[in-house]
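In: my questions are about this predicted structure, shown below with the sequence.
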Amino acid sequence: MSGLRVSVDKDTGVAVVTLDRPARLNAVDLELAGELATTWREFRYDDSVRAVVLTGAGERAFCTGIDRDVSVPQPGSPYMQDDPLLKVGPKANDLWKPVVAAVAGMACGGAFYLLGEAEFVVADETATFFDPHTTYGMVSAYESMLMAQRMPYGEAARIALMGTAERISARRAYEVGLVSEVTPVGEALASASRCATVLAGYPPEAVQGTVRALWAGREAALSAAYAQAPALIALGNLPAGRQAELFAARRNGGHRVR
């Protein structure tokens with residue numbers, strides 16, 4: 001069963017891409033990762049799509065990162081890593097049409113690969129953001145690198161280091177620049193769609209050129225940072241078995257929201 005829903009409004013030029021695994025809190029498995037990459041690349045050739053809204057199904061989560069049931073064998077070298085989430089975003093697939101993310105509920109860990117490649121993020125009041133990597137003995141590398149370009153350093157460091165002990169509320173995310181708008185409960189998708197409709201109504205060459213220019217301002221720093229990520233992950237991650245033990249021992253309700 002597909003983990004992705006895609007609808008295109010030919011009149012407005014807006015596509016809505018929905019992560020559709022609500023029973024798994026929209027966690028990304030290998031099939032969904034492949035579907036996302038394929039969808040972004042197909043949009044490159046579909047002139048009827050001029051702007052995209054990315055959201056998650058259900059009320060509990062936008063996305064909770066990689067599905068814990070996914071097993072990805074890794075090379076023995078610390079200089080190489082196989083990360084299935086590296087190709088889930090639009091920019092990683094050479095799509096330069098604007099993407100607006102609509103977030104309700106949890107957005108954590110690997111969700112930042114997607115949020116980091118969106119032009120901006122609209123969240124409703126239920127949204128919370130956190131990065132569980134350190135709690136489970138994993139290095140937050142690519143996620144932190146993306147967030148460090150969307151938030152002040154101290155805030156990016158805090159969310160990366162505090163793990164599951166702390167979640168950032170939608171309001172706090174707005175205050176530090178991760179989120180551009182906070183809506184009432186249930187209205188993030190509608191608001192993001194209104195923004196996307198405006199973008200889709202402008203001359204596409206100008207919009208896409210602006211998206212490319214904005215990303216170019218970040219690209220050099222990200223490329224240099226990404227080059228270091230495989231070794232940092234290989235050297236800093238606990239063995240998979242120990243990570244699983246920590247994950248199994250987690251306690252709900254042990255975090256606070258700010």
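Out: Arrived safely. Just so it is clear, the model here is predicted, and its values are computed rather than measured.

In: tell me the confidence at Arg251?
Out: For Arg251, the pLDDT comes out at 59.

In: repeat for Thr134
Out: pLDDT, read off for Thr134, is 94.

In: excluding residues flanking it in the chain, which one is nearest it?
Out: Nearest residue to Thr134 in three dimensions, chain neighbours excluded: Gly163, at 4.3 Å (C-beta to C-beta, 6 or more residues apart in numbering). From N, CA and C alone the C-beta is placed, and that goes for glycine too.

In: surely that neighbour meets Thr135?
Out: Yes - the pair Gly163 / Thr135 is scored as a contact, 3.4 Å apart, by C-beta atoms under 8 Å.

In: what do those two both touch?
Out: Among the neighbours of Gly163, none is also in contact with Thr135 (C-beta atoms under 8 Å, 6 or more residues apart in numbering).

In: pLDDT below threshold where in the stretch 101-250 of the chain?
Out: Counting by pLDDT under 70, not a single residue of the stretch 101-250 of the chain qualifies.

In: which residues touch Glu31?
Out: With C-beta under 8 Å, 6+ apart, Glu31 has these contacts: 2-3.

In: where exactly do the strands run in the stretch 151-258 of the chain?
Out: Using DSSP state E, counting those that start in this stretch, the strands of the stretch 151-258 of the chain run over 166-169, 181-183, 256-257.

In: name the helices or strands packed onto the longest one?
Out: For strand 166-169, the elements it packs on are strand 128-130, helix 153-162, strand 256-257, judged by 3 or more C-beta pairs under 8 Å, 6 or more residues apart in numbering; DSSP states H and E.

In: buried deepest among these, which one?
Out: strand 128-130 (a mean of 24; mean count of other C-beta atoms under 10 Å).

In: which helix is the longest one in this protein?
Out: helix 204-236 (DSSP state H).

In: list the buried residues for it?
Out: Within helix 204-236, the residues scored as buried using 16 or more other C-beta atoms under 10 Å are 204, 207-208, 211, 222, 225, 229-234.

In: of the helices and strands packed on strand 166-169, which is nearest Ala196?
Out: With C-beta to C-beta, the closest approach to Ala196 among the helices and strands packed on strand 166-169 belongs to strand 128-130: 21.3 Å.

In: who does that closest one touch, helix- and strand-wise?
Out: Strand 128-130 makes packing contacts with strand 106-108, helix 153-162, strand 166-169 when contacts are defined by 3+ C-beta pairs under 8 Å, 6+ apart.

In: Leu19: what's it in contact with?
Out: So, once contact is read as C-beta under 8 Å, 6+ apart, Leu19 ends up touching 3-4, 26, 28, 32, 54-57, 62-63.

In: so for it, what's the pLDDT?
Out: Leu19 is assigned a pLDDT of 98 by the prediction.

In: bridging residues for Ala15?
Out: Going by DSSP bridges, Ala15 is paired in beta bridges with Val8, Val52.
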